[in-house]
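Visitor: got a structure for you, letters missing:
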């Protein structure tokens, strides 16, 4: 069992930056891929980024490539999402996830955090 707690969300102007953090409890966090998803109002939850268990490979949604960077520190059981050049369309609740996997063109996960709100004003 893995429990995930996100922090770092907030209100930022377009073009600004935010850094989301995810603190995990449970010994298995470091053994599995971690990631971030987001859900905008009235929309489905979408994949944002994934990092392998050892951090040697990452995947990003096309909409955030070149602007967002995912990282992890297994010694601290944390995962982070650095978000730069934020746009109003990045506004959403952002969820940390553990045990992230890909099935065809879709991503999902075994464990989810409660989410943190990110609002980007124009």
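Guide: Everything's here; your move. Values in this document were obtained by computation on a predicted structure and should not be read as measured data.
Visitor: for residue 71, which non-adjacent residue is closest in space?
Guide: In this structure, residue 71 finds its nearest non-sequential neighbour in residue 80, 5.0 Å apart by Cβ to Cβ, 6 or more residues apart in numbering. To be clear about C-beta, it is placed using only N, CA and C from the backbone, and glycine gets the same treatment.
Visitor: wait, is that neighbour part of a strand?
Guide: Yes - counting by DSSP: H, G, I helix; E, B strand; the rest coil, residue 80 is part of a strand.
Visitor: tell me the bridge partners for it.
Guide: Beta bridges link residue 80 to residue 21, residue 71 when assigned by DSSP bridges.
Visitor: that one against residue 68, yeah?
Guide: No - counting by Cβ atoms under 8 Å, residue 80 sits too far from residue 68 to count as a contact (10.5 Å).
Visitor: tell me where this structure has strands.
Guide: 3-7, 10-13, 18-25, 34-39, 45-51, 58-60, 68-73, 78-83, 92-98, 101-103, 106-108, 111-112, 116-121 (DSSP state E).
Visitor: for these, give me a markdown table that also has mean pLDDT and mean neighbour count.
Guide: Listed next are the strands of the chain as a markdown table, based on pLDDT from 0 to 100; neighbours: other Cβ atoms under 10 Å:
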| stretch | mean pLDDT | mean neighbour count |
| --- | --- | --- |
| strand 3-7 | 97 | 17 |
| strand 10-13 | 98 | 13 |
| strand 18-25 | 97 | 19 |
| strand 34-39 | 98 | 25 |
| strand 45-51 | 98 | 22 |
| strand 58-60 | 97 | 17 |
| strand 68-73 | 98 | 18 |
| strand 78-83 | 98 | 22 |
| strand 92-98 | 98 | 24 |
| strand 101-103 | 94 | 11 |
| strand 106-108 | 95 | 15 |
| strand 111-112 | 96 | 18 |
| strand 116-121 | 98 | 17 |
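Visitor: great, nothing more from me.
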